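Enquirer: here's a sequence, model it:
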Amino acid sequence: MAENSKNKSEEDESLGRFILDIIIIMAIIIGIYYLLFSFVFSNETVSGPSMQPTFQDKDRIIALRYFNLKRNDIVILKAPDEKNALYIKRVIGLPGDMVTSKNDTLYINGKKVAEPYLHNSLETQAHKQGELYTNNFTLRRRVPKDSYFVMGDHRNVSKDSRYFGFVKRKAIVGEVKWRYWPLNQWQIF
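Expert: Below you'll find the model as predicted:
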């Protein structure tokens, strides 16, 4: 009888140890997730049409918080004109660049720059209506040091650097690296 009681006690201790191990493992996983998404990654939801057709409203994306920006990178930034809001835009002008758009052609420092991501039904529709997809503009000065000129891909509806000016490096939350939702639009950038 004492042996039966001893086995029962060992089983209870074993079950208790198993549950404690599961709790510890879950706490470690949650801690790692919290640290990664606080300091390395940013998990965001696209809101609005300014990056169509590249991104649609409600797309879910992961951005990397530490990055070296290049032209055409897609970034998440703190909205300069709306408290606690984030924008998703494409980097067009780097520090020192002079940016001009004339007749739907982008020029950086006087050289024509290809924008293959703009060749879509939205651009075609604007041209059929006799409109420019990107209104003509020329920056009055070069992009300042530690700042960027950003634009949305849906040029005729995007609120971007043409309206709110240059974006400081510290206002950029992250560089978009992965769209994971919807699943049929899964893509690495």
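Enquirer: grab the longest strand from this structure for me.
Expert: Ranked by residue count and defined by DSSP state E, the top strand of the chain is strand 172-181.
Enquirer: which residues touch whichever helix or strand comes after that strand?
Expert: Moving toward the C-terminus from strand 172-181, the next helix or strand (DSSP states H and E) is strand 187-188. Under the criterion Cβ atoms under 8 Å, 6 or more residues apart in numbering, residues K177, W178, R179 lie in contact with strand 187-188. C-beta: built from backbone N, CA, C; applies to glycine.
Enquirer: could you pull up the mean pLDDT of the longest strand of the chain?
Expert: Strand 172-181 shows a mean pLDDT of 94.
Enquirer: what's that strand packed up against?
Expert: Identification of packing neighbours for strand 172-181 by 3 or more Cβ pairs under 8 Å, 6 or more residues apart in numbering; DSSP states H and E yields strand 41-45, strand 60-64, strand 74-78, strand 187-188.
Enquirer: which of the contacts of strand 187-188 tops the neighbour count?
Expert: R179 (21 neighbours; other Cβ atoms under 10 Å).
Enquirer: Y33 versus the closest residue to Y66 other than its chain neighbours, what's the distance?
Expert: Leaving aside its chain neighbours, Y66 sits nearest to V40 (7.1 Å; criterion: Cβ to Cβ, 6 or more residues apart in numbering). Shown here: V40 relative to Y33, a distance of 11 Å by Cβ to Cβ, to the nearest Å.
Enquirer: same thing with Y163?
Expert: Counting by Cβ to Cβ, the gap from Y163 to Y33 is 37 Å.
Enquirer: what does Q56 give?
Expert: 26 Å.
Enquirer: run a quick neighbour tally on the nearest residue to P144 once chain neighbours are set aside.
Expert: Of all residues not flanking P144 in the chain, F166 sits nearest, at 5.9 Å (Cβ to Cβ, 6+ apart). By the criterion of other Cβ under 10 Å, F166 has 19 neighbours.
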